[in-house]
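Trainee: what shape does this take:
(one chain, ligands or ions: 2)
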Amino acid sequence: MNGLLELRGVHAWYGRAHVLQGVDLSVAPGEIVALLGRNGAGRSTLARAVMGLVERRGRLLWRGRETASLRTFEIARLGVGYVPESRDVFPGMTVEQNLVLGQKAAKAGRWTIADVYRLFPALAQRAGVQAQHLSGGEQQMLALGRTLMGDPALMLVDEPAEGLAPMVVAQLAACLDELRRQGMAILLIEQKLDFALDIADRAYVLGHGAVVFTGTPAALRADASTRREWIEL
Ligand SMILES: Nc1ncnc2c1ncn2[C@@H]1O[C@H](COP(=O)(O)OP(=O)(O)O)[C@@H](O)[C@H]1O
Ligand SMILES: [Mg+2]
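Mentor: Numbering: from 1, shown residues only. Ligands and ions are numbered 1, 2, ... in the order given. I've put the predicted structure just below:
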């Protein structure tokens, strides 16, 4: 497969804890790939490995180029956007200030603040509000918007639907779908199976730091034993 991002035999560690155990995974341009698994399976660690935030080994190719020796800011500059679980926004700054800070200093990206407001109309109405006063859904949209301002070709989005009401999750799904329509590749780390499988083109399931399933959402829906063993509680 012609991956935008391609991992081959990737291992990752926290100190002596060996978490990722040889993961192969790829994401093609314009594709939403769901990364599923139970808590502790290693999904967030995989995102951190791609960003160079944990000790890692193996091949981590971006458009065919090895990134294993690059620093986090260099990987981001290549076009990899990261929206961590913690939804990092600056709480004391307004929505608009957060978006401005998401822009990479050197060059104006494809995304303007107006584009972000078009994608997330709720944010436009809250432009002057400090991020700490936003709802969980609005904070998630701001975290996504801030990453978009950095002009990524791929976004690693870690559990965006966590803690959000069903209606907000549906809005989020529509936004991710719209991003894909515009050519964005998304690695969607999730716990909410239906949300992820409804919008993903392909899915991977991680278990104990290794890929235990890869295939289409339909194939995973049909595979009750994989779901029971590796996803459902
Ligand atoms: N900062 C850390 N230091 C040590 N171990 C960690 C750290 N973060 C995560 N782990 C461990 O790595 C494993 C995978 O965690 P994680 O990637 O967060 O899983 P997931 O995102 O799938 O829930 C777990 O066993 C977890 O306890
Ligand atoms: Mg996680």
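Trainee: restrict stretch 136-149 to CA atoms and write it as PDB.
Mentor: Presented in PDB, the C-alpha positions along stretch 136-149 are these (Å, rounded to 0.1, in the frame of the first residue of the first chain):
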ATOM      1  CA  GLY A 136     -16.000  19.300  26.400                       C
ATOM      2  CA  GLY A 137     -17.200  19.100  22.800                       C
ATOM      3  CA  GLU A 138     -16.100  22.600  22.100                       C
ATOM      4  CA  GLN A 139     -12.700  22.000  23.600                       C
ATOM      5  CA  GLN A 140     -12.300  18.900  21.400                       C
ATOM      6  CA  MET A 141     -13.200  21.000  18.400                       C
ATOM      7  CA  LEU A 142     -10.700  23.600  19.400                       C
ATOM      8  CA  ALA A 143      -8.000  21.000  19.900                       C
ATOM      9  CA  LEU A 144      -8.700  19.700  16.300                       C
ATOM     10  CA  GLY A 145      -8.900  23.300  15.000                       C
ATOM     11  CA  ARG A 146      -5.600  24.200  16.500                       C
ATOM     12  CA  THR A 147      -4.000  21.200  15.000                       C
ATOM     13  CA  LEU A 148      -5.500  22.000  11.600                       C
ATOM     14  CA  MET A 149      -3.900  25.500  11.800                       C
END
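Trainee: which residues touch that stretch?
Mentor: Outside stretch 136-149, the residues that touch it by Cβ atoms under 8 Å, 6 or more residues apart in numbering are 81-83, 87-89, 95, 98-104, 109, 111, 113, 115-116, 119-120, 122-123, 126, 131, 134, 155, 157, 160, 163-165, 168, 171-172, 175, 179. C-beta: built from backbone N, CA, C; applies to glycine.
Trainee: now, which of those residues lie close to ligand 1?
Mentor: Among those, no residue sits close to ligand 1 (Cβ under 6 Å from any ligand atom).
Trainee: return the subset of those lying in helices.
Mentor: Taking DSSP state H as the definition of helices, those contribute 95, 98-102, 113, 115-116, 119, 122-123, 168, 171-172, 175, 179.
Trainee: tell me the buried residues in the one helix or strand Phe213 maps to?
Mentor: Under the criterion of DSSP states H and E, Phe213 resides in strand 210-215. Within strand 210-215, the residues scored as buried using 16 or more other Cβ atoms under 10 Å are 211-213.
Trainee: which outside residues touch stretch 170-187?
Mentor: By Cβ under 8 Å, 6+ apart, the residues outside stretch 170-187 that reach it are 4-5, 27-33, 35, 47, 119-120, 122, 137, 140-141, 144, 148, 152-157, 160-161, 164, 188, 195, 198-199.
Trainee: ugh, wrong one, I meant stretch 31-41
Mentor: So stretch 31-41 is contacted by 25, 27, 43, 46, 176-177, 180, 185-191, 193, 196-197, 199-209, 217, 220, 230-231, 233 (Cβ under 8 Å, 6+ apart).
Trainee: out of those, who's near ligand 1?
Mentor: Arg43.
Trainee: restricted to helices, list the contacts of stretch 31-41.
Mentor: 43, 46, 176-177, 180, 193, 196-197, 199, 217, 220, 230.
Trainee: where does pLDDT dip in this protein?
Mentor: 1-2, 105-108 (pLDDT under 70).
Trainee: domains for it, by residue range?
Mentor: 1-79+153-233, 85-151 (automatic domain parsing).
Trainee: on that earlier part again, quick one: the strand holding Phe213 near ligand 1?
Mentor: No - using Cβ under 6 Å from any ligand atom, strand 210-215 stays clear of ligand 1, with a minimum separation of 11.7 Å.
Trainee: ok, that strand: who's next to it in the sheet?
Mentor: Its sheet considered, strand 210-215 pairs with strand 202-207 (antiparallel) by DSSP bridges.
Trainee: that'll do, ta.
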